[in-house]
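J.: What would the 3D arrangement of this be:
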Amino acid sequence: MSVDLTDPIFHNEEAARAHFEKLHWPDGKPICPHCGVVGDTTLIKGKSHRAGMYQCNACLKPFTVTVGTVMEASHLPLTKWALAFHLMASSKKGVSAHQLMRTLGIKSYRSAWFLAHRVREAMADPDPEPLGGKGKTVEIDETFIGKPDEIFVSGKGWQKKRGTATKRKVLTMVERHGRAVSVKVEDLTVDTLKIVIGKTVVLDSELNTDEAQHYKSIGEKFSSHGAVNHSEEEYVRREGGKLITTNTVEGYFGLFKRGMVGVYQHCAEHHLQKYLNEFDFRYSNRSALGIEDTERANLAIKGAVGKRLTYKQPRPAQPKQARA
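T.: Predicted structure coming up:
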């Protein structure tokens, strides 16, 4: 089901609030984000209180549907939040903060940028199910993003370093006809990849990679390991009815890079994993798996519960120094 922009949840605050409450409290019983009690609440009415304010009868603390979610302490109306979730969930290559600012009528770029990051936080899966399994194939490949570092060469000035050593490195694992998990890694050594792949892929899986040496010893631990030789322009082959290829994960990289270069354009290294989470979410909940735009947006809204993201992370308290 595609997004219907005439839906009242994008224009009417009461409808938007009811929509969020239905997704966060599917049984119709408000859940206190402070103590976890279910259904023992009182709806607070009156002009001096915000609409949708509840009081928990157990801990006596007030809350709304946004408390305990990425939307907590936001001054944006829920209609704009609903549209932001739907836009970011339905746009295959993402939506820039400038586009969100224009479309939602947000007055500052900083607010739109922070809004987008809070939606990405909702899309992130902190504990994803392992990929693969018996009879399933997982394709693994790495890619590089960002500009290489520069070095000053006498007589030539500043020159870009050759190779990929100084670029940001991304490892992506895609279950064929299934989900994707991408991880920003510091290096592509066997020790690093063994840890990441071991945590993400079931050992009963069949691995498909390219001819890179760092996959050979890792592939021995799995049910089988097939590799295509890209250096000899080999991209697909069959072995006893099995298809050996990395075209699926390469297709994922195509989407990711078109989004990062064409839509987002700039990404600080410490934010890269957040963007990977966004692309993983859309890919793992794509139309080919029977999940359309509206359902995908609803999954993102459900993922907002239990997460917080502040513009500046609080600093740890510093011990007070005794006066002399």
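J.: drop to CA atoms for contacts and neighbour counts, all remaining ones
T.: OK.
J.: which residue ranges form the strands in the stretch 151-300 of the chain?
T.: Secondary structure of the stretch 151-300 of the chain (DSSP state E, counting those that start in this stretch): strands at 157-160, 168-175, 180-185, 206-210, 224-228, 236-239, 242-245.
J.: who's in contact with the third one?
T.: It refers to strand 180-185. Contacts with strand 180-185, where a contact means Cα atoms under 8 Å, 6 or more residues apart in numbering, come from 131, 168-174, 192, 196, 200, 272-273, 276-277, 280, 283-284.
J.: cool, and stretch 118-128?
T.: Contacts of stretch 118-128 (Cα under 8 Å, 6+ apart): 70-71, 84-85, 88, 274-275, 277-278, 281, 300-305, 307, 309.
J.: For it, buried residues please.
T.: 118-124 (16 or more other Cα atoms under 10 Å).
J.: Now do that stretch, average pLDDT.
T.: Taken as a whole, stretch 118-128 carries a mean pLDDT of 95.
J.: domain assignment for this protein?
T.: By the assignment in automatic domain parsing, the chain contains the domains 1-25+65-123+269-308, 137-267.
J.: Including distance to residue 57, could those go into JSON lines?
T.: Listed next are these as JSON lines, based on distance: least, Cα to Cα, whole Å:
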{"stretch": "domain 1-25+65-123+269-308", "distance to residue 57": "16"}
{"stretch": "domain 137-267", "distance to residue 57": "42"}
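J.: So for residue 46, which of the ones you listed sits nearest?
T.: domain 1-25+65-123+269-308 (15.5 Å; Cα to Cα).
J.: Return the distance of the closest one from the chain's centre.
T.: Computed by Cα atoms, centre = their mean, to the nearest Å, the chain-centroid distance of domain 1-25+65-123+269-308 equals 11 Å.
J.: Quick check: which ranges of the stretch 201-324 of the chain have low pLDDT?
T.: 313-324 (pLDDT under 70).
J.: how about 90 then?
T.: For the stretch 201-324 of the chain, the stretches flagged by pLDDT under 90 are 240-241, 265-266, 268, 309-324.
J.: before we move on, the earlier item: looking at the domains of the chain, which is buried most?
T.: domain 1-25+65-123+269-308 (a mean of 19; mean count of other Cα atoms under 10 Å).
J.: ok, residue 86 to residue 225 distance?
T.: For residue 86, the distance to residue 225 equals 39 Å [Cα to Cα, to the nearest Å].
J.: residue contacts, the residue nearest the centre of the chain?
T.: Geometric centre of the chain, nearest residue: residue 277, 2.2 Å, by Cα atoms, centre = their mean. Contact partners of residue 277, counting by Cα under 8 Å, 6+ apart, are 120, 123-125, 181-182.
J.: same thing with residue 116?
T.: By Cα under 8 Å, 6+ apart, the neighbours of residue 116 are 84, 88, 97.
J.: Give me the nearest residue to residue 257, chain neighbours excluded.
T.: residue 145 (8.0 Å; Cα to Cα, 6 or more residues apart in numbering).
J.: follow-up on the earlier one: which one of the contacts of residue 116 is nearest to residue 217?
T.: residue 88 (38.9 Å).
J.: Could you list the alpha-carbon positions for the strand or helix carrying the closest one in PDB?
T.: Residue 88 is located in helix 78-90, with elements delineated by DSSP states H and E. Taking C-alpha atoms only, helix 78-90 is exported to PDB below (Å, rounded to 0.1, in the frame of the first residue of the first chain):
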ATOM      1  CA  LEU A  78       2.900  14.900  15.300                       C
ATOM      2  CA  THR A  79       1.600  15.500  11.700                       C
ATOM      3  CA  LYS A  80       5.100  16.500  10.700                       C
ATOM      4  CA  TRP A  81       6.500  13.500  12.400                       C
ATOM      5  CA  ALA A  82       4.100  11.200  10.700                       C
ATOM      6  CA  LEU A  83       5.000  12.700   7.300                       C
ATOM      7  CA  ALA A  84       8.800  12.600   8.000                       C
ATOM      8  CA  PHE A  85       8.500   8.800   8.900                       C
ATOM      9  CA  HIS A  86       6.600   8.100   5.700                       C
ATOM     10  CA  LEU A  87       8.900  10.200   3.400                       C
ATOM     11  CA  MET A  88      12.100   8.500   4.800                       C
ATOM     12  CA  ALA A  89      10.500   5.000   4.700                       C
ATOM     13  CA  SER A  90       9.200   5.300   1.100                       C
END
